[in-house]
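Predicted model and sequence follow; I will ask about them next.
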Amino acid sequence: MQEMATANWTLPDHPTLPKGKTVAVVVLDGWGEASPDQYNCIHVAQTPVMDSLKNGAPEKWRLVKAHGTAVGLPSDDDMGNSEVGHNALGAGRIFAQGAKLVDAALASGKIWEDEGFNYIKESFDKGTLHLIGLLSDGGVHSRLDQVQLIVKGASERGAKRIRLHILTDGRDVLDGSSVGFIETIEKDLAQLREQGVDARIASGGGRMYVTMDRYENDWSVVKRGWDAQVLGEAPHKFQNALEAVKTLRAEPKANDQYLPPFVIVDESGKSVGPIVDGDAVVTFNFRADRMVMLAKALEFPDFDKFDRVRVPKIKYAGMLQYDGELKLPSKYLVSPPLIERTSGEYLVKNGVRTFACSETVKFGHVTFFWNGNRSGYFDETREEYVEIPSDSGITFNEQPKMKALEIAERTRDAILSGKFDQVRINLPNGDMVGHTGDIEATVVACKAADEAVKMVLDAVEQVGGIYLVTADHGNAEDMVKRNKAGQPMLDKSGSIQILTSHTLQPVPVAIGGPGLHPGVRFRSDIQTPGLANVAATVMNLHGFQAPADYETTLIEVVDN
Ligand SMILES: O=C(O)[C@H](O)COP(=O)(O)O
Ligand SMILES: [Mn+2]
Ligand SMILES: [Mn+2]
């Protein structure tokens, strides 16, 4: 990367703020600000620490935008998410994100001309094109309209046999919406069949139980998908996907996120779409974290995470490249955003010794996403990244405290050790438990996160440090789907419609600590600040000025 070679890494000194203070950057995952009511779990929970930050010094607490165009998403109707949120927090600038880049490549037609599509196209003559991914209009990992355009565009360009391997959502969208998405795509596939293209859904399963694990928390999730998608084997067999999903959803406690794997079979009971030698495969999620494990299974010749049984010789491309360091996958339909010169890299190169920590399910958020979708250290001698193993095989409403205490303890120890200038953590509770839709458990989760913040802030106090507490997007502050007037919406049976997804709400940024210069306060002249303004702010707290092309700092220093 050319820019890397020519970048001047030296950050100018901040005119007033000193160096050498320990700075704790705490990200509460899924912790937005919304009006208080019974569906606002942050309001319902006892959160004395976060409350005191909010109600303490008004010049040291403010809200910033965490969704839509402020974080590089196509429109302000797009809720924020961890990827774009942590990218913005770490990079200090707004980059057009995957969803937007794929939209642009489809709109201009460039996607069909680039290397990735031409590579998989070589298989169209004799092989089948398999499309694997999240069938949803959530816009976090994938988008249904993009999948529809890929299916159509590929068939117009010679794909004669197409198989879809779908993952149902219910996490970024309402539970039960899988049925409608399948109906939509089935209509498209039926139309193609009328035109002589053999196009059908071949397998499926719920995203949290099949394929979309992340950060290698539980490879059995990916294996269940492999068995259905590649080997054509699953415990449940159906003639079509609509029947599959309706039947499996009728089981007690079933939901879209956790549907078991199924394959579609023909009249003789044979799976209609295993992946075999000579086929092409596209994983159509643009977001990396929950697709990169499957990408490894599809692409790595030496792979030992589970027994693949049969490894077909395929032409494989990702919607995007999921890991720039690993160059994985090597072929992709759309180039990912090039997020370089992140704040983490600058600070480390300017001597800031950095500790980053979360539990497995969010570990990559404060490392990989924070560092511009880059894995590994910038400088091993100055950085330590600690991953606390997450529970696996459970839904997080069963253990809503998750590993918040363990994360806080490790972080406290890191602060007190004096070995680090920055500690950076993600507390997953509000988000991971919020996604389960379990309101009671989410209240417990929010309390646990607040207690973890307390432990970190107490350690900051002891060493005379500074804290910056923020969040990456909303989730736990609103657990119900609302109409335009803000009233909770009811489903056909009269129960409230639980919102498992993120929200469009702003998130707090709070600063403080004994090491904070007494004249520091939030500026009032930034009209609509967003998460990307945080990086320059943190650089200032370390005693540096941010690079000129970073979004401006949130703070100013006044004489008092
Ligand atoms: O992947 C997930 O868990 C959800 O789709 C989005 O949540 P996150 O952006 O907070 O990870
Ligand atoms: Mn998040
Ligand atoms: Mn989330």
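Yes, it's here. Ligands and ions are numbered 1, 2, ... in the order given.

A strand includes residue 333, no?
Yes - remark: residue 333 belongs to a strand, assigned using DSSP: H, G, I helix; E, B strand; the rest coil.

Let me see the contact set for it.
102, 105, 111, 114, 116, 117, 150, 282, 317, 318, 319, 320 (CB atoms under 8 Å, 6 or more residues apart in numbering). Any C-beta I mention is one placed from the backbone N, CA and C, and that applies to glycine too.

separation between it and ligand 1?
Taking CB to the nearest ligand atom, to the nearest Å as the criterion, residue 333 is separated from ligand 1 by 21 Å.

Mind checking which of the contacts of residue 333 land in helices?
In helices, judged by DSSP state H, the following of those are found: 102, 105, 111, 116, 117, 150.

Would you check that my belief about the fifth one contacting residue 111 is correct?
Pointing back at residue 117 there. Yes - using CB atoms under 8 Å as the test, residue 117 is close enough to residue 111 to be in contact (6.0 Å).

Enumerate the residues of the stretch 351-500 of the chain near ligand 2.
Applying the criterion CB under 5 Å from the ion, the portion of the stretch 351-500 of the chain that neighbours ligand 2 consists of 431, 472.

do the same with the chain
Checking the chain against ligand 2 by CB under 5 Å from the ion, the hits are 29, 82, 431, 472.

So for whichever residue of the stretch 201-350 of the chain sits closest to ligand 1, what's the pLDDT?
With CB to the nearest ligand atom as the measure, residue 290 is the residue of the stretch 201-350 of the chain nearest to ligand 1, at 5.5 Å. The score at residue 290 is 98. That number is its pLDDT.

residues contacting it?
For residue 290, the contact set (CB under 8 Å, 6+ apart) comprises 134, 141, 207, 211, 212, 213, 214.

Surely residue 248 touches residue 262?
Yes - counting by CB under 8 Å, residue 248 does reach residue 262; the two are 6.8 Å apart.

tally of neighbours for the residue of the stretch 51-200 of the chain found nearest ligand 2?
Of all residues in the stretch 51-200 of the chain, the one sitting closest to ligand 2 is residue 82 (3.1 Å; CB to the ion). The local packing count at residue 82 equals 26, with neighbours defined by other CB atoms under 10 Å.

Verify the stated contact: it with residue 428.
No - under the criterion of CB under 8 Å, residue 82 makes no contact with residue 428, lying 9.2 Å away.

Please enumerate the shared neighbours of the two.
Residues touching both residue 82 and residue 428 comprise 29, 362, with contact defined as CB under 8 Å, 6+ apart.

Let's have the contacts of residue 290 in a markdown table, adding neighbour count, secondary structure and pLDDT.
Below are these laid out as a markdown table (neighbours: other CB atoms under 10 Å; DSSP: H, G, I helix; E, B strand; the rest coil; pLDDT from 0 to 100):
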| residue | neighbour count | secondary structure | pLDDT |
| --- | --- | --- | --- |
| 134 | 28 | strand | 99 |
| 141 | 27 | coil | 98 |
| 207 | 29 | coil | 98 |
| 211 | 30 | coil | 98 |
| 212 | 26 | coil | 98 |
| 213 | 26 | coil | 98 |
| 214 | 22 | coil | 97 |
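
ok, these vs residue 304, which is closest?
residue 213 (16.3 Å; CB to CB).

mind listing what the closest residue to that closest one other than its chain neighbours touches?
Closest residue in space to residue 213, ignoring its immediate chain neighbours: residue 221 at 3.8 Å, by CB to CB, 6 or more residues apart in numbering. If a contact means CB under 8 Å, 6+ apart, then residue 221 has 208, 209, 210, 211, 212, 213 as its contacts.

ok, now residue 7?
So residue 7 contacts 340, 341 (CB under 8 Å, 6+ apart).

from what I can see residue 424 touches residue 356, true?
Yes - with contact taken as CB under 8 Å, residue 424 and residue 356 are classed as touching, separated by 4.6 Å.
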